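# quick check, what structure comes out for this input:
(one chain, ligands or ions: 1)
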Amino acid sequence: MRRYAAVVLDADSTIAGIEGIDWLATRRGPEVRRAVESLTMRAMNGEVALEAVYGERLRVIGATANDVSALADAYRSAVAPGAADAIAALQAAGVVVHVVSGGLRPALLPMARSLGVADARVHAVEPVPDDDGVFRSAAPSPLITQLGKAEIVRALALPAPVLAVGDGATDLAMAPAVDAFAAYIGFVRRDAVVAGADFVFDSFASLVAHALSA
Ligand SMILES: [Mg+2]
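Take a look at the predicted model:
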């Protein structure tokens, strides 16, 4: 028996145990890593808009197509234990599975495909190349804003009931737009997200046991 008709999954630190932007920054060395972390901190402090910080982080990192390809490999290598089986079981039970992420879509697609999630069900940020092919900006999207995931989920008009699952504050922001929100703490436990969650899963096995129980 399926308890939900649709499940929305976060990607970074949920399906896979990495944060894509941090991963790219680390690849640029400790200085870029520190700069990117500083930008994230300023956004958390309300000193700059998340939208501005998102673009600024991409500018600082200056990811190439090679970097994005390497990140795609990193995502695939970091898939959560049991995630593939869980997604297969959900889809076999007729549950519609979507990925809604603030990460870079080209880097996420190969992982999603390997998990049986069609490209059309992967909603993420499109990096835009400059004339030299370097990705220093992103296409406008609600997903580069703090509350944007709710906007995306509403626009999808998914079959109800809908369960959203993620580790972060931008995931918890989906709660008003779905029937239930679960904090995923398999990689990172954030107390504010856990506090706002209807359910807490420490593994994909527990997620699927809940979602497919009577
Ligand atoms: Mg996340």
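# use CA for all of it now, contacts and neighbours both
Will do.
# next, count neighbours for the closest residue to the ion within the chain.
Closest contact between the chain and the ion, by C-alpha to the ion, is at residue 12 (4.0 Å). The number of residues packed near residue 12 is 23, by other C-alpha atoms under 10 Å.
# which residues in this protein form helices?
Counting by DSSP state H, residue ranges of the helices within the chain are 20-27, 30-44, 50-61, 65-77, 83-92, 105-114, 148-156, 169-172, 191-196, 204-211.
# the second one relative to helix 20-27, how many degrees between them?
I take that to be helix 30-44. Orientation check (axes from the mean of the first three to the mean of the last three C-alpha atoms, to 10 degrees): helix 30-44 against helix 20-27 gives 150 degrees.
# so which bits of this structure are right by the ion?
Proximity of the chain to the ion, by C-alpha under 5 Å from the ion, involves residues 12-13, 167.
# now those residues in JSON lines, with pLDDT?
JSON lines is the format used below for those (pLDDT from 0 to 100):
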{"residue": "12", "pLDDT": "93"}
{"residue": "13", "pLDDT": "93"}
{"residue": "167", "pLDDT": "93"}
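# return the subset of these lying in strands.
Residues of those located in strands (DSSP state E): none.
# closest to residue 116 out of these?
The closest of the residues of the chain next to the ion to residue 116 turns out to be residue 12 (C-alpha to C-alpha; 17.4 Å).
# hmm, residue 18 and the closest one touching each other?
Yes - Residue 12 lies in contact with residue 18 (C-alpha atoms under 8 Å); the separation is 5.6 Å.
# neighbouring strands of the top strand by length along the chain in the sheet, and parallel or not?
When the chain is parsed with DSSP E, its longest strand is strand 96-104. Using DSSP bridges, the strands paired with strand 96-104 are strand 6-9 (parallel), strand 122-125 (parallel).
# between that strand and helix 83-92, how many degrees?
Orientation of strand 96-104 against helix 83-92 (the same axes, to 10 degrees) gives an angle of 140 degrees.
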